[in-house]
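1. turn this into a model:
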Amino acid sequence: MNTRSAGKRHVPGGVMAGALWIAAGAGWTSHVPPAAPSDPVAAPDFGGAICGEKMSTRAGRVPLLTILWDPHRPEHPAPPAAELDEKLYGSGPSVASWLSENSGGRFTIERAMPLAWRDADFKEDRYWGADPGDTDGNGFVTGHVEKWAEAVRKADENLDFAAFDTDHDGTLQPTELAVLVIIPQMGTFGTMRQPAGREVPAWEPLTVDGVVIPYVTEAYVGSPVNLGVLCHELAHLMLGAPDMYFSSAWTYAPGDLSIMDRSYTTTHLDPYEKLKLGWLTTTVVGGPGEFDLRDVERHNEALVLYDRARGPGEYFIVENRLRGTSFDAGAGAAGPGLAADGVAIWHVVEDPAIYGALTVPGVDPGDWGRRAVRLLRANGGNQWDDAGAVWNTPGVVRVGGSASLPWIDGTPSVFGIELLSGAGETVRIRVSVRTDVAPASQKQGASSTSLPSNTP
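-> Numbering: from 1, shown residues only. This is a model prediction of the structure:
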């Protein structure tokens, strides 16, 4: 089962062009040129670092090294390597096409080395156990840590890791080469960890070909192979995406509206993560108006509701979710999709001093993924009813009985939303603002500089 080529192989990835300004289209307000840095009323770059960097732009093609490692557990047969290759890199439902669709064609992966199963050196009990005294003197006391080192060293027989260290700093970041270890298992699980070259008597980093491997993702892919776990775990590794699921009830949980919550689906990332990755084109709205909002799955568009008086530490994102033929519709046996089409409204709290002080059961104060990104659910906060989480019929949006979207302190914001049409490829949305002076709306391209605001 262990197939190896005679020589080392490497296929360093190319880089696509960076983000471009996108001209205004039908239903959008006119495009406005970037503001001068000295403009005191310029809208912030919501795709940039506000109150500290949480995620950053991803563009181009990143090489992914996939190591198929089999400990030959009889109850967990290995799927064919060709099937896994298709799930990762194929033109059908795959990690590559999921990333391309989420990013609007801005980002994807490429194969660093052909896939082939490699046999584990020992029986399974060695890797799912511990050797606290390092009785065999191999430098490992934890079976899982030994497993990751062994898998990477087996791949090193056929791959020149140093060829991917494009910045020549001696550390192979996942943006240069991402390392994925796939293990056969009937059930699905995944994790991202820091590997080690040895644990005792002193911890050492895992180093191959003179470069350090700082992170490894492992995936137990299930049977049939689950696409969602691969997308979710590689989003951690390659995008810096946080976990967004909860161990207890939470009114603002994303549910199926973000794969970083429901990790075994094939649904899209939430719009906040796309915004920070440079994958979303936004219209910044500070005044009243009507907008034709196209589906985010095909057009990567959203509205950002920004109150300059409140500041950039808190704002709202409005997106139109439409399953259609996208990954939000699911991928059959490889993973389910969304339960309904409609408008999703997200409340974002960028300021760690604010979201860190919230009462969120079982969540660390610094966990911005679970604290800072809050889905305002149409069903009033039932996290298990994702079909009722989106607004999909004409009418005024009410949250907690109020026609004003709420700030984090419970006070009403200046913004109200009314759907003028039902769910579909384009949804007509009216934004109302409780103010006597209405600023204009401006359009921002992915990872753009800030744009001027007419707010006095």
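2. run through the bridge partners of Ser432.
-> Gly416 (DSSP bridges).
3. wait, doesn't it sit right on Pro288?
-> Yes - Ser432 is within contact range of Pro288, at 5.3 Å (criterion: Cβ atoms under 8 Å). In this view, the C-beta of every residue, glycine as well, is placed from N, C-alpha and C.
4. and Asp85, helix, strand or coil?
-> helix (DSSP: H, G, I helix; E, B strand; the rest coil).
5. what helices and strands are in contact with the lengthiest helix in the chain?
-> Determined from DSSP state H, the single longest helix within the chain is helix 143-155. Here helix 143-155 touches strand 60-70, strand 117-119, helix 124-127, strand 178-183, strand 188-193, strand 216-221, going by 3 or more Cβ pairs under 8 Å, 6 or more residues apart in numbering; DSSP states H and E.
6. which residues touch the last one?
-> Looking back up the chat, that one is strand 216-221. 79, 84, 87, 148, 151-152, 178-185, 187-195, 206, 229-230, 233-234, 236-237 (Cβ atoms under 8 Å, 6 or more residues apart in numbering).
7. so how do I select the buried members of these in PyMOL?
-> Selection of buried members from the contacts of strand 216-221 for PyMOL, criterion 16 or more other Cβ atoms under 10 Å:
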select buried, resi 79+84+87+148+151+152+178+179+180+181+182+183+184+185+188+189+190+192+195+206+229+230+233+234+236+237
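8. now the helices for the stretch 201-350 of the chain?
-> Assigned by DSSP state H, counting those that start in this stretch, the stretch 201-350 of the chain shows helices spanning 227-234, 271-277, 296-299.
9. who touches stretch 346-356?
-> 50-52, 252, 270-272, 312-319, 358, 365-366, 368, 371-376, 405-406, 408.
10. filter these down to the buried ones, PyMOL style.
-> Selecting only the buried entries of the contacts of stretch 346-356 in PyMOL, with 16+ other Cβ under 10 Å as the criterion:
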select buried, resi 50+51+252+270+271+272+312+313+314+315+316+317+318+319+368+371+372+373+374+375+376+405+406+408
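11. looking at the contacts of stretch 346-356, which are in strands?
-> Under the assignment DSSP state E, these contribute 314-319, 373-376 to strands.
12. can you pick out the most distant pair from the residues you listed?
-> Largest separation among those by Cβ to Cβ: Glu314 and Glu319, giving 17.7 Å.
13. re the thing from before, quick check: angle from the longest helix of the chain to strand 178-183?
-> 110 degrees (axes from the mean of the first three to the mean of the last three Cα atoms, to 10 degrees).
14. gap between helix 143-155 and the chain center?
-> Put simply, helix 143-155 sits 26 Å off its chain's centre (Cα atoms, centre = their mean, to the nearest Å).
15. out of the helices of the stretch 201-350 of the chain, which is closest to Ala241?
-> helix 271-277 (5.7 Å).
16. list of residues touching the closest one?
-> Counting by Cβ under 8 Å, 6+ apart, 46-47, 54-58, 102-103, 107, 239, 241, 258, 260, 268-269, 280, 282, 296, 300, 302, 304, 317, 319, 344, 346, 348, 372-373 sit against helix 271-277.
17. appreciated, that's everything.
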